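Novice: got a predicted structure plus its sequence, pasted below:
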2 protein chains.
Amino acid sequence: MRTGPGRPRDPQLDAQVLTAAQELLVSEGYEATTIAAVARRAGVVTTSIYRRWPSKRALIEDAVFALDTGNHPAPTGDLRADLLAWTRLFLSAAAQPAARAAIPGLLAAYHDDRESYRRLLDRGEQPTRQALREMLIGAAAHGQAAPGCDVDAVFEFLRGATLIRALTHGNEDADAFCQQIADALLSVASVPARYNNPHQ
Amino acid sequence: MRTGPGRPRDPQLDAQVLTAAQELLVSEGYEATTIAAVARRAGVVTTSIYRRWPSKRALIEDAVFALDTGNHPAPTGDLRADLLAWTRLFLSAAAQPAARAAIPGLLAAYHDDRESYRRLLDRGEQPTRQALREMLIGAAAHGQAAPGCDVDAVFEFLRGATLIRALTHGNEDADAFCQQIADALLSVASVPARYNNPHQ
């Protein structure tokens, strides 16, 4: 990263670039959403983009994922309702037109470059996993989840099921799907993890 | 389809074409695996391929998915062991190099053409979902699963979690991952479905 004290970020320029990337993803697709095309649409020079994002992939990740970070549902004291809110959040985030256009391209890119996925994990997924963990620990304290339930399994199921659903069905029949998924996640959260996964 | 009684399929030619498609997926990627490129590699004319597969997408689906159909693990009487076998099967199928190369491209294609995904469901996923259902009904009869457990949620979790895992990690740490997923699936199978999903 070439940013530093002498080169403060310009939040307005960042927002302009991310919006341009989202619009291009929807109208032109993943392949055509190049740094050059985003720069043209945002009315900036490509070096302004490279100063902030090292690659097309990093820019697109920010355009589709980072915008949702931090909007985790606040715990309500009702675990079933909270799991439903999380499921809706994950589905609606992945069903956004820009996300649907970008996700297969990003998944293909992770196939070619495993390290880029690790960076995404560190940057984007860990805060979400942590927020889910805190929600479930709180629910366990109120007797609604099992202490030591498998937070990572809940996360894998939540992410995997909503992502495939969003890519294949978008928001179609979203309510029935989310109710069903929330119930099944509740079953997972209701028992202590049995297998001691060393990679948690 | 232009096949019919006057034009019997040639199983050897089919196998040749599918193998060529798998090899091209691995060496050249999804985009480059066109009908023309597959025909060249298989040493057949493109019309021989079009006689059997209406599109590139149908051919690639067969190349990566249909080959696994029918290899569902036989129930052992131990539900936890059976769920582990299913998880391993799903992960190893999606982690195959040809599958990893093809899945993001297919997911992008389903985004553009919803009907093609419905055809895949009818053709490829329903038999697998049905085999999983029969396994769980059998387990319920032996007191290992809840009667009326949510087979579709088990399927969505199994497919979603293993697919994302395969695309991002391949077979890395597969055993720990599969053990964890099998445990969590067992939790879902251990309770009756509460939400009555009209779309099951």
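Specialist: Structure's in. What do you need?
Novice: neighbours around the residue of chain A found nearest chain B, how many?
Specialist: The nearest approach of chain A to chain B comes at residue A:160, 2.7 Å away (CB to the nearest CB). Placement of C-beta: from N, CA and C, glycine included. For residue A:160, the neighbour count with other CB atoms under 10 Å in any protein chain shown is 22.
Novice: got it, and residue A:45?
Specialist: Other residues close to residue A:45 by other CB under 10 Å number 11.
Novice: before we move on, which element is the nearest residue in space to it that is not next to it in sequence in?
Specialist: Among residues not flanking residue A:45 along the chain, residue A:39 sits closest, at 6.2 Å (CB to CB, 6 or more residues apart in numbering or on different chains). Element membership for residue A:39 (DSSP states H and E) is helix A:35-42.
Novice: distance from whichever helix or strand comes after that helix to the middle of the chain?
Specialist: Later in the chain than helix A:35-42, the nearest helix or strand by DSSP H and E is helix A:46-52. When distances are taken as CA atoms, centre = their mean, to the nearest Å, helix A:46-52 is centred 23 Å away from the chain's centroid.
Novice: just the CA trace of helix A:46-52, in PDB.
Specialist: Taking Å, rounded to 0.1, in the frame of the first residue of the first chain, the C-alpha atoms of helix A:46-52 are listed here in PDB:
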ATOM      1  CA  THR A  46      -6.200   4.800 -12.600                       C
ATOM      2  CA  THR A  47      -3.300   5.800 -10.300                       C
ATOM      3  CA  SER A  48      -5.900   7.200  -7.800                       C
ATOM      4  CA  ILE A  49      -7.500   3.700  -7.700                       C
ATOM      5  CA  TYR A  50      -4.100   1.900  -7.400                       C
ATOM      6  CA  ARG A  51      -3.100   4.100  -4.600                       C
ATOM      7  CA  ARG A  52      -6.000   2.700  -2.600                       C
END
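Novice: tell me the helix or strand right after that helix.
Specialist: Going down the chain from helix A:46-52, the next helix or strand is helix A:56-64, by DSSP H and E.
Novice: CA atoms only for that following helix, dumped as CSV, please.
Specialist: Extracted in CSV, the C-alpha atoms of helix A:56-64 (Å, rounded to 0.1, in the frame of the first residue of the first chain):
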residue,chain,number,x,y,z
LYS,A,56,-9.1,-5.3,-9.4
ARG,A,57,-10.0,-8.1,-7.1
ALA,A,58,-9.3,-6.1,-4.0
LEU,A,59,-11.5,-3.3,-5.4
ILE,A,60,-14.3,-5.6,-6.2
GLU,A,61,-14.2,-7.3,-2.8
ASP,A,62,-14.5,-3.9,-1.2
ALA,A,63,-17.3,-2.9,-3.6
VAL,A,64,-19.4,-6.0,-2.7
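Novice: next SSE downstream of it?
Specialist: Following helix A:56-64 in sequence, per DSSP H and E, is helix A:79-95.
Novice: now that next one: average pLDDT?
Specialist: Mean pLDDT, helix A:79-95: 94.
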